[in-house]
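Trainee: need a structure here:
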Amino acid sequence: MHYATSQTIAERIEDLYGQPLAALEAHADANPHGTMLAALTSAHADLQLAERNIDFQLLRLRELTNPAREIGTSEAGHLLDCARRIAESVATRDAYAKTVNAVLGSLHRVPAPASPPPATPAVPASAPAPAATHTR
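Mentor: So this is what the prediction gives:
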């Protein structure tokens, strides 16, 4: 199945960090606490899970509503459960997508400095000493 929302988010994360998502996920897994990258890759994984669940539940719903199948009391309960799970997964997907898009919209790449900064700070030139004056 095609997961358009998570694919778009993945591309935006890759553009922001300038690396493939697999490499970013490996880095985030190695440094999971307190980084924006870890938060973004985790939210992306949750978004993918919601999209996969939508597809799975839609497939199950199609099986249950096959015209050759008779719908009895038990099947009606399964139909309602599938519909509920689809609604929950769509709400989850939309919430993650909205949040991650807002975060990604607030972030941008910082251009690399043109030349590396000097290793030691430059010493400012000393000001000339004031002329001595005598007052009596």
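
Trainee: who does the longest helix seen in the chain touch, helix- and strand-wise?
Mentor: With secondary structure taken from DSSP state H, the chain has its longest helix at helix 73-106. Packing contacts for helix 73-106, counted by 3 or more C-beta pairs under 8 Å, 6 or more residues apart in numbering; DSSP states H and E, involve helix 4-17, helix 36-64. C-beta here means a position set from N, CA and C on the backbone, and glycine is covered the same way.

Trainee: Report the buried residues of it.
Mentor: Of all the residues in helix 73-106, those buried under the rule 16 or more other C-beta atoms under 10 Å are C82, R85, I86, S89, T92, R93, Y96, A97, V100, L104.

Trainee: Leaving out sequence neighbours, find the closest residue to the third one.
Mentor: In space, I86 comes closest to Q57 once its chain neighbours are excluded; the distance is 4.7 Å by C-beta to C-beta, 6 or more residues apart in numbering.

Trainee: Look up how far I71 lies from the one you found.
Mentor: Q57 is 17 Å from I71, where distance means C-beta to C-beta, to the nearest Å.

Trainee: same question, A22
Mentor: A22 is 44 Å from I71, by C-beta to C-beta.

Trainee: same thing with V103?
Mentor: 43 Å.

Trainee: Figure out how far stretch 72-84 is from the centre of its chain.
Mentor: Put simply, stretch 72-84 sits 34 Å off its chain's centre (C-alpha atoms, centre = their mean, to the nearest Å).
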